[in-house]
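Asks: Sharing a model that was predicted from the sequence below.
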Amino acid sequence: MKSPQPSSSVSTLFAIALAWCLLIIPSQAKNPPNIVFFLTDDQSTNTLGCYGNEVIKTPNIDRLAEQGTRFDNAFVSQPICWVSRTTILTGLTGRSYGTEGNPELARPDAVETLYSDILREEGYRTGFFGKWHAKMPKGWKREDHFDEFEAIGRDPFFKKQPDGSLRHETEVIVDRGIDFIMNQPKGKPFALNLWFNACHAEDSDRRPGIGHFPWPKAVDGMYDDITIDPPRLNDPAIFEALPECFQTSITRERYFWRWNTPEKYQTNIRAYYRMVSGIDGAIGRFLKALNEAGLTDNTIIVYSADNGYLMGNRGLAGKWSHFEESTRVPLIITDPRVPKNQRGQVSDAPVLNLDFPATFLDWAGIKPPERYQGRSLQPIVNGKKPDDWRTETFHEHFAVRNRIPAFEGIRSERFKYGRYFDHDEEFLHDLQRDPDELVNLAKDPEYSKVLKDLRARTAAVVDELGGPLQPLKGGFNPSTVPNPESTAMVSHKADKDGFVRIFNGKNLNGWTGDPEYWSVKNGAITGTADGSLKRNHFLAWTGSTIRNFDLRAKVKITAGGNSGIQYRSTQRPEFGLDVLSGYQCDVVANTPKYNGMLYEERGRRILSHAGEKVIIDPDGQPWVIDQMPVLDPAPGKWHDFRILVRGNHHQHWIDGKPTADLIDLDEKGRSLDGVLAVQVHVGPAMEVQFKDFRIKHLPDDLPLISPSESPIPATAYGVRPQAKLPKDWKPPIYGEQ
């Protein structure tokens, strides 16, 4: 790939305007402003109040928009984290900064000098705190390009503090930013980058809610009292109209991690909204500190995102596409030096993340390097869009080409063109008539001239920016089938018997819990308690939620111990990050009526004692309809546990003998999907171990047993509840109700 340089035939796409670059700009402004750049991850414009979301609470960001400029047509050149962030640092598109054999990896010459280096040379103190995620050449050091630098990543989002408490990365990043301005030398300008990991999902943790979209504690419970509208473009026909490369790519795979059921969608969208509100609250805290330091009047605030986000629309998740949800991002710039009558303006100018470094340098009174492919946004913020401003933008995506369809194309005021060159697929959308991009006009004869023109313009820009990419090596690897029979099997491989091994026998990869209580010992998951626990602690599997399944494990527990295998559970962060509620197969030594029974943690509690065959009526009352022999497995020895769940039919076994057989007809109380976990319980000191953990995921759409199919006999009697009962208590009889 060649290293592109601006030429006399620079296209109107970027309107680089050599005359602009050659203007004589003072090397220093008389009173150079401070610059604070907030950059979020995976955020579309429809998740902010100032962009029209009437549900989400973002008062501080909305206030920035009221006091500054909100851009309605802000885009990224490539919608993926590391390319977008490197573009911001370098002022170059991914195709321009990359190497020929690996276009995602920056060339040494392209990243030798970042905008932060130029600002430092002109007297700025620079800081960077937060998500980095840029792919730099070997030997390149991030710390050399900022006065203060600390990479603060996710996985986990919650960082353990010196006092042992946990603090969310959003809060930690802002803590560092406040420390930075509190130590700012008087009279010296600064440029501070606070780049959040939120709202990126924790991809390795697919537990809905606090697992997949962790939020700061300050916003606990927010949005729990509302139902958020489903994705607007969630008609299955929209997905079915997409090419196969979309239907089988990561964008579809991750849809099943996040959005594929109404329950999962509600849990995750509320969690995502909390992440946004958590960012907003942290920004509010920073702005207060900025004001208290007396720096507000000469500090420009920039708020944007590294790419957009598909949140269930089109049956997809993630970013990585030519669609508006992927490329369009929020952008708010608040410059306190702008006259009051120009504050609160909304600009329709097409702008790009490419423009940020030129803008930062322009604010500082520094001439931007000629290699920059964007241009300063300062004139627009000051109230006048230049007459020669671009009218179209170029977009591309080529990261992870073997699993994400690569594209390139142009978006004009009316039309959008995108070609997925590894798959021989083209898209053409008329944005005036079809703003949702639901109609592909690429094969419509009426638009053949438009298509031909946009093809040629795309090819010209591609050549200008570095030339076509090398052919894809190894072919495209699908990530999923479009409509899997069992969505829990997405991202997992089964053995010849259909089972997925969910514990590797070596470490707790794929599981999460407090290491104070959980470890691997002698090849087994091991939970320990010393008799002083104040609450139960769980170790949860992060691989997926589970719906219908056949679970097998070997279990050993010490005498007096109390544990369980939790399934179809929900996280309960209000009690603790590792607390869950849901169905449980109890593992209890020395108490036969509890060992293998069906219990509901933090819910309906005992649903059936061991040896009871039960039907739960539609009102939630469990009735014993039959008895099974009760076992008394010895403590301190390995026993085979099995849990089989099909629809609303639950069955447990220990050593091949049934311990629970229950049909749950309670639509309000039951769960059909949820998290898998194991537990250590308050009570005596104990040790419980699990090994040979494997699960067979059964089809999602197994039928539910109806009341008419499972009538409760008149002789059935009520399950003894978990409560202190009178000595003369007698179970109710179903036929006498």
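Replies: Alright, I've got the coordinates. Residues are numbered from 1 along each chain as shown.

Asks: ok, how many other residues are close to the residue lying closest to residue 197 once chain neighbours are set aside?
Replies: Leaving aside its sequence neighbours, residue 197 sits nearest to residue 154 (CB to CB, 6 or more residues apart in numbering; 4.1 Å). No exception for glycine: its C-beta is placed from N, CA and C like everyone else's. Burial of residue 154, expressed as a neighbour count using other CB atoms under 10 Å, amounts to 22.

Asks: Quick one: residues contacting the closest residue in space to residue 176 that isn't next to it in sequence.
Replies: If the residues on either side of it in the chain are set aside, residue 176 comes closest to residue 129, at 4.0 Å by CB to CB, 6+ apart. Residue 129 makes contact with 148, 149, 150, 152, 173, 176, 177, 180, 192, 193, 194, 195 under the criterion CB atoms under 8 Å, 6 or more residues apart in numbering.

Asks: for residue 312, same thing?
Replies: 230, 231, 234, 255, 258, 259, 265.

Asks: let's see it at 6 Å
Replies: Applying CB atoms under 6 Å, 6 or more residues apart in numbering, we find residue 312 in contact with 231, 234, 259.

Asks: can you check residue 612 too?
Replies: Shown in contact with residue 612 (CB under 6 Å, 6+ apart): residue 624.

Asks: which phi and psi does it have?
Replies: The phi/psi pair for residue 612 (degrees, to the nearest 10) reads phi -110, psi 130.

Asks: returning to what we had before: the residue nearest to residue 197 contacts residue 196, doesn't it?
Replies: No - taking CB atoms under 6 Å as the definition, residue 154 is not a contact partner of residue 196, at 9.5 Å.

Asks: Buried ones among the contacts of residue 312?
Replies: 231, 259 (16 or more other CB atoms under 10 Å).

Asks: The closest residue to residue 604 other than its chain neighbours and residue 610, how far apart?
Replies: Setting aside the residues directly before and after it, residue 604 is nearest to residue 669 in space (CB to CB, 6+ apart), at 5.7 Å. Distance, residue 669 to residue 610, using CB to CB, to the nearest Å: 21 Å.

Asks: Of those two, which one has the most company?
Replies: A direct count of neighbours by other CB under 10 Å for residue 669 and residue 610 places residue 610 higher, at 26 against 15.

Asks: Settle this for me: that one is touching residue 591, isn't it.
Replies: No - Residue 610 lies out of contact with residue 591 (CB under 6 Å); the separation is 8.8 Å.

Asks: Pairing partners for the lengthiest strand in the chain, with directions?
Replies: Using DSSP state E, we find that the single longest strand of the chain is strand 686-697. With DSSP bridges as the test, strand 686-697 is paired with strand 500-501 (antiparallel), strand 524-529 (antiparallel), strand 549-557 (antiparallel).

Asks: will you turn those into a markdown table that also has mean neighbour count, mean pLDDT and distance to residue 200?
Replies: Shown next, in a markdown table, are the strands paired with strand 686-697 (neighbours: other CB atoms under 10 Å; pLDDT from 0 to 100; distance: least, CB to CB, whole Å):
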| stretch | mean neighbour count | mean pLDDT | distance to residue 200 |
| --- | --- | --- | --- |
| strand 500-501 | 17 | 97 | 26 |
| strand 524-529 | 22 | 98 | 28 |
| strand 549-557 | 21 | 98 | 29 |
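
Asks: So the residue nearest to residue 604 sits against residue 620, correct?
Replies: Yes - in this structure, residue 669 is within contact of residue 620 by CB under 6 Å, at 4.8 Å.

Asks: residues near the closest residue to residue 432 other than its chain neighbours, how many?
Replies: Leaving aside its sequence neighbours, residue 432 sits nearest to residue 414 (CB to CB, 6+ apart; 5.3 Å). Residues contacting residue 414 under the criterion other CB under 10 Å number 13.

Asks: Touching, residue 414 and residue 433? I think so.
Replies: No - using CB under 6 Å, residue 414 makes no contact with residue 433, being 8.9 Å away.

Asks: All good on my end, thank you.
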